[in-house]
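Asker: Take this sequence and fold it.
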Amino acid sequence: MIKTNLLLGERVTLRAMEPEDLEVLYTLENDTTLWDVSSVNVPYSRYLLKQFIAKGTHDIYTDGQLRLMVESVEEGTVVGMADLVDFNPRHLRAEIGIVLGRDYRGRGFGTEVLFLMERYVQEFLHLRQLYSYVSVKNEASIKLFQKANYVDTCTLRNWLYVGNEFVDAKIFQRIFEK
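Answerer: Got it, this is the predicted structure:
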């Protein structure tokens, strides 16, 4: 039986990074408003990002992480990125992160990206679970994970240092039943 392309949705497709993605990558990685929800704390140069695209293995088993670009099917433009990090092949789990460009937030792209990533990790990586750390102040991400049937398993007190204050983070977890 021939499988359909699990990385292609109705509105978005997920694909590997290409050299042409450099400017989008540069813009998203250097958006300081996103640093509070990630572990980034320094700007990335175009040179460094170009090396990352060109020299990385982009093999989740080698790198322990995978970045896929999110492309709008209708527009043919990159609208964001989806990351799997802290990949653990022994325990069959990974942390998931999704970032969308400002103009594409709140339009349902995140929901479809999450669905495609779930299909991918189940069908190809055979993962049992995905999880995400989400700031209690990130209402959009909280709604996304709740809508996608992720369980709010705990709250980590004072987990993120944002601006000049500590903020709690929730761990959302999705366990896939076989």
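Asker: Next secondary structure after the worst-scoring helix or strand of the chain on mean pLDDT?
Answerer: Using mean pLDDT, DSSP states H and E, helix 46-55 stands out as the lowest-scoring helix or strand of the chain, at a mean of 87. Where DSSP states H and E defines the elements, the next helix or strand beyond helix 46-55 is helix 60-63.
Asker: Any idea how far the least confident helix or strand of the chain is from the middle of the chain?
Answerer: 19 Å (CA atoms, centre = their mean, to the nearest Å).
Asker: Could you give me the buried positions within that helix?
Answerer: By 16 or more other CB atoms under 10 Å, the buried positions in helix 46-55 come out as 49, 52-53. Yep, even glycine has a C-beta here, placed from its N, CA and C like the rest.
Asker: Repeat that for stretch 119-133.
Answerer: Buried, per 16+ other CB under 10 Å, within stretch 119-133: 120-121, 125, 127, 129-133.
Asker: Show me the contact partners of that stretch.
Answerer: 3, 6-7, 14, 60, 84, 87, 89, 91-97, 117-118, 141, 145, 150, 153, 156, 159, 169-176 (CB atoms under 8 Å, 6 or more residues apart in numbering).
Asker: again, but for stretch 15-33
Answerer: Under the criterion CB under 8 Å, 6+ apart, residues 7, 34, 40, 43-44, 46, 49-50, 52-54, 58, 67-69, 71, 78, 80-81, 99, 101 lie in contact with stretch 15-33.
Asker: Check which helix or strand Leu116 maps to.
Answerer: Assigned by DSSP H and E, Leu116 falls in helix 109-123.
Asker: Quick check: what element follows that helix along the chain?
Answerer: strand 129-135.
Asker: Also compute the angle for that following strand relative to helix 109-123, please.
Answerer: Interaxial angle, strand 129-135 versus helix 109-123 (axes from the mean of the first three to the mean of the last three CA atoms, to 10 degrees): 150 degrees.
Asker: Convert the C-alpha atoms of strand 129-135 to PDB, please.
Answerer: In PDB, the C-alpha atoms belonging to strand 129-135 read as follows (Å, rounded to 0.1, in the frame of the first residue of the first chain):
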ATOM      1  CA  GLN A 129       4.900  10.800  23.100                       C
ATOM      2  CA  LEU A 130       5.500  14.400  22.500                       C
ATOM      3  CA  TYR A 131       5.700  17.100  25.100                       C
ATOM      4  CA  SER A 132       6.200  20.900  25.300                       C
ATOM      5  CA  TYR A 133       7.200  23.500  27.900                       C
ATOM      6  CA  VAL A 134       4.800  26.400  27.700                       C
ATOM      7  CA  SER A 135       4.900  29.700  29.600                       C
END
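Asker: Show me what it pairs with in its sheet, parallel or antiparallel.
Answerer: strand 93-100 (parallel), strand 165-175 (antiparallel) (DSSP bridges).
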